[in-house]
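the following block contains a protein sequence and its predicted model.
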Amino acid sequence: MATRIPDDPFSSDDNVAQVLASISREPVWNNNKKKLLQQLRELILKDNYLIFHSDFRVYKLQNNGTFGTYAIPLNKRDALEKFRGKKIRLICLDYSDRWRGYAGREFAAQNLD
């Protein structure tokens with residue numbers, strides 16, 4: 001299982017980190033937050049993040065725009081297998097249309113090493 005790293009997620013100066021910081025500052029769901037999430041999705045696609053579907057309970061990221069930094073173990077399998085032994089940024093993007101039940105989410109992952 002991937003281990004969440006308690007570091008400063010905004011320490012990076014990339015565009016994705018800046019948009020995530022803006023999303024985190026929005027206290028409620030409004031049109032501005034929806035626009036920021038759309039901008040985030042566009043940046044993620046442009047930066048070639050890995051998009052995958054999983055259960056939110058695995059990574060403890062449930063709401064759209066929530067994120068964390070994770071250390072991926074060397075024996076990791078499934079979607080994050082290509083990040084074995086690395087540190088990644090993981091972002092919850094939306095509900096998953098490919099996962100059965102209420103717990104499915106769409107995630108984006110990018111190598112930080």
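Cool, got the structure. Residues are numbered from 1 along each chain as shown.

mind listing what the residue most central in space within the chain touches?
Centroid-nearest residue in the chain: residue 91, 0.9 Å away (criterion: CA atoms, centre = their mean). Neighbouring residues of residue 91 by CB atoms under 8 Å, 6 or more residues apart in numbering: 16, 20, 40, 44, 49, 61, 65, 66, 67, 107, 108, 109. Where C-beta positions appear, they are placed from N, C-alpha and C, glycine not excepted.

in a strand, the second one, correct?
Looking back up the chat, that one is residue 20. No - counting by DSSP: H, G, I helix; E, B strand; the rest coil, residue 20 falls outside a strand, being helix.

state the mean pLDDT of stretch 102-113.
Stretch 102-113 carries an average pLDDT of 87.

in that stretch, what's buried?
Across stretch 102-113, burial judged by 16 or more other CB atoms under 10 Å covers 104, 105, 106, 107, 108, 109, 110, 112.

what sits against the second one?
Residues in contact with residue 105 (CB under 8 Å, 6+ apart) are 53, 54, 55, 56, 61, 62, 92, 93, 94, 95, 96, 99.

residue 33: which of the contacts of residue 91 is nearest?
Within these, proximity to residue 33 (CB to CB) peaks at residue 65, which comes in at 7.5 Å.

hey, where'd the helices end up in the protein?
All helices of the chain, identified by DSSP state H, fall at 15-25, 31-46, 56-59.

show me the shaky parts of the protein.
Counting by pLDDT under 70, the chain shows low-confidence ranges at 7-13, 98-101.

let's see it at 80
Within the chain, the stretches with pLDDT under 80 are 1, 6-13, 95-103.
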